[in-house]
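Colleague: The following comprises the amino acid sequence and a computationally predicted model.
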Amino acid sequence: MLIRIQGGRVVDPTAARDGVGDVWVEDGRVVAPSERTPDRTVDATGCVVMAGGVEVHSHIAGGNVITSRLLLPDLYVSETAPNGHPFAHAGGAAAWIGAAYAKMGYTTAVEPAMPPTHALATQLELADIPLLDRGALAVMGNDDQLLQLLREGESRDAVRDLVALNVAQSRALGVKCINAGGASAFKDGVLKLSLDDEIPVYGLSTRKIMGSLLDAVEEIGVPHPLHVHCNNLGLPGADDSFVETLEAAEGRRIHFAHAQFYAYGAADPANPGTGGFRSAARRIIDAMHANPHATLDIGQVVFGQTVTVSMDILRQFGGRKGANPKKWVLNAGDAEGGGVVPFLYKPRGPTSSLQWAIGLEIMLLSNEPERTILTTDHPNGGPFTAYPRIIHLLMDKEERDREIATLPKVVHERSSLPEIEREYSFSEIAELTRSGPAKLLGLADRGHLRDGARADIAVYREDKNRTAMFASAKLVLKDGVAIVEDGEIVNWHVGRSLSLVVESDKAMERRADAYLQDRFGQGLDSFTVPDAAFPEAEVFEDVACRA
């Protein structure tokens, strides 16, 4: 079917394109303009045409997600979320998540925290999400087999082979480490961990573990850099952890998750345990500008009720006292620990307001939106459905000022947000939400509208109210098929699960099988994600590693 999207403002920063024009689609791909009569013509006059949105970090599947729904079944009917919270829709969660993303013009989403031993359950849950292509990142850095290899001084090749095996058997799209060594240290009574602190039993440090994973990801050729959740998330002085971790990468590619939660400088550096925190957004951005091998996503805070989910058990244990409502679940089991802690970001509360300001500040100070990706760390900073409002605040200084005027004076005193005049352009929004995330994940077939691109396309009616504009797309195509028209789902299209093509070492397979048999009484086959687990309609699309 030949489709012509005609007369819209086409925004594609990868082609330096921002002006009225057409986009042609055939057989699920963007094609060059044709002399043939199209089978369908879409009148996009007065509209903005972009590639489909790409989500790099959203907790939409897995054990902690399920636990959070059991812990807070009433979240979706709370007064703070009258239209429903995407995290609480047990039973209809998969359809709701797919629809909520699609209506905003998003066509790809990645779950960032999949322990390889739990990969099959996570992948099955992801496969239930319609309308989107989706993938997941394999979490390593606290698993006993890896830490044993490092403690025993095994070669870099052995570590690389174990990482490759975990990626292959879990059908992952990349690798993530979460407070590397922290879950293990917690079991021995450690409550705070920094980059060079010794992890009991193993005699390792976060620096050593993370460095081994950075090397392995490079040697395997994983397109996405190691996805890093640093030590000391959310604490005053966390900016030191961010900068030290960036320096520890020593020029290797690295991606920082939810950087807003690290942009907290101690209000009194001489006494970091007192006086709360101040914005360190400028320090974070200056460090990023000086290190072009690094990228980050934001973790923007959104006012209202949410629930925090994380495998960083040190942070979740520390945050349990602030649970609102006062109930929580922690798991210090095998490999990655974790926890679920409800949290309320109080509208006009001093701490929440400063967090809200810092996330916007990071984005507005960045001169490279493609390296500064929009996320809320859903649901930790708030639901992903807040993206349209966040985009509005980035594009409209007057709207920001109106919001800031309702907030406590701490926003003026401890952040530079009120003084920032910058307004994002449509092209910069496309970098922040389309081309940047796609490049980061190594998905060369999306995030742009050049010939040959996957026909994942969003058409928005241009509106000064950017919240309304980006909340409800006029038209969304997925693989050239219309899935949203006038803000409503019209076709429950089945997307793909994305995974890397990685060959695993046979000797490491045997070692891992023996290890798993000893630890769980089940071998490698029990933890591998097989094709046979999925219906015929489900397709795993392989993504090549870098040459």
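Modeller: Perfect, thanks for sending it. These numbers come from a predicted model, not from an experiment. Numbering: from 1, shown residues only.

Colleague: For stretch 496-513, which residues meet the burial criterion?
Modeller: 496-500, 502, 504-505, 508-509, 511-513 (16 or more other CB atoms under 10 Å). (C-beta placed from N, C-alpha, C; glycine too.)

Colleague: Could you do stretch 1-19 as well?
Modeller: 2-14, 17-18.

Colleague: Tell me which of the buried residues of stretch 496-513 fall in helices.
Modeller: Counting by DSSP state H, the buried residues of stretch 496-513 place 508-509, 511-513 in helices.

Colleague: Name the pair among the residues you listed with the greatest separation in space.
Modeller: Spatial extent of those (CB to CB) is set by the pair Met508 and Asp513 at 9.4 Å.

Colleague: ok, which pair from the buried residues of stretch 496-513 is furthest apart?
Modeller: Arg496 and Arg511 (31.8 Å).

Colleague: Report the contact partners of Leu233.
Modeller: Counting by CB atoms under 8 Å, 6 or more residues apart in numbering, Leu233 touches 179, 258, 261-262, 312, 315.

Colleague: still on that earlier bit, farthest pair in the buried residues of stretch 1-19?
Modeller: With CB to CB as the measure, no two of the buried residues of stretch 1-19 lie farther apart than Leu2 and Pro13, at 26.1 Å.

Colleague: Report the buried residues of the helix or strand bottoming out on mean pLDDT in the chain.
Modeller: Least confident element among the helices and strands of the chain, by mean pLDDT, DSSP states H and E: strand 539-543 (a mean of 81). Going by neighbour count (16+ other CB under 10 Å), the buried part of strand 539-543 is 540, 543.

Colleague: Now do that strand: which elements does it pack against?
Modeller: strand 496-500 (3 or more CB pairs under 8 Å, 6 or more residues apart in numbering; DSSP states H and E).

Colleague: Send me the strand it packs on as CSV with only the CA atoms.
Modeller: C-alpha atoms of strand 496-500 as CSV (Å, rounded to 0.1, in the frame of the first residue of the first chain):
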residue,chain,number,x,y,z
ARG,A,496,8.0,-7.1,17.7
SER,A,497,10.3,-8.1,20.5
LEU,A,498,13.8,-6.7,19.8
SER,A,499,16.9,-8.7,20.7
LEU,A,500,20.6,-8.8,19.9
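
Colleague: Run the angle between that strand and strand 539-543 for me.
Modeller: 30 degrees (axes from the mean of the first three to the mean of the last three CA atoms, to 10 degrees).

Colleague: what's strand 496-500 in contact with?
Modeller: So strand 496-500 is in contact with 108, 123, 126-127, 133-135, 167-168, 171-174, 222-223, 443, 534, 538-545, going by CB under 8 Å, 6+ apart.

Colleague: What of stretch 447-454?
Modeller: With contact meaning CB under 8 Å, 6+ apart, stretch 447-454 is reached by 10, 12, 14-15, 17, 23, 28-32, 49-51, 54, 434-439, 445-446, 457, 479.

Colleague: So which of those residues are in helices?
Modeller: 436-439.

Colleague: with those in mind, which one is nearest to Glu250?
Modeller: Nearest to Glu250 among the ones in helices among the contacts of stretch 447-454: Lys439, at 22.3 Å, using CB to CB.

Colleague: Tell me who's in contact with that closest one.
Modeller: Contacts for Lys439 were tallied using CB under 8 Å, 6+ apart; they are 370, 447.

Colleague: Before we move on, what's the pLDDT of it?
Modeller: What the model reports as pLDDT for Lys439 is 98.

Colleague: got it, and His118?
Modeller: For His118, the model assigns a pLDDT of 92.

Colleague: Kindly confirm my reading that it forms part of a helix.
Modeller: Yes. His118 sits within a helix when classified using DSSP: H, G, I helix; E, B strand; the rest coil.

Colleague: Tell me which residues of stretch 512-531 come out buried.
Modeller: By neighbour count on 16+ other CB under 10 Å, the buried set for stretch 512-531 is 512-513, 515-516, 523-524, 527-529.

Colleague: could I get those as JSON lines with distance to Val243, secondary structure and pLDDT?
Modeller: Converted to JSON lines, the buried residues of stretch 512-531 look like this (distance: CB to CB, whole Å; DSSP: H, G, I helix; E, B strand; the rest coil; pLDDT from 0 to 100):
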{"residue": "Ala512", "distance to Val243": "36", "secondary structure": "helix", "pLDDT": "96"}
{"residue": "Asp513", "distance to Val243": "41", "secondary structure": "helix", "pLDDT": "97"}
{"residue": "Tyr515", "distance to Val243": "36", "secondary structure": "helix", "pLDDT": "95"}
{"residue": "Leu516", "distance to Val243": "38", "secondary structure": "helix", "pLDDT": "94"}
{"residue": "Gly523", "distance to Val243": "43", "secondary structure": "coil", "pLDDT": "94"}
{"residue": "Leu524", "distance to Val243": "39", "secondary structure": "helix", "pLDDT": "95"}
{"residue": "Phe527", "distance to Val243": "37", "secondary structure": "helix", "pLDDT": "93"}
{"residue": "Thr528", "distance to Val243": "39", "secondary structure": "coil", "pLDDT": "94"}
{"residue": "Val529", "distance to Val243": "37", "secondary structure": "coil", "pLDDT": "95"}
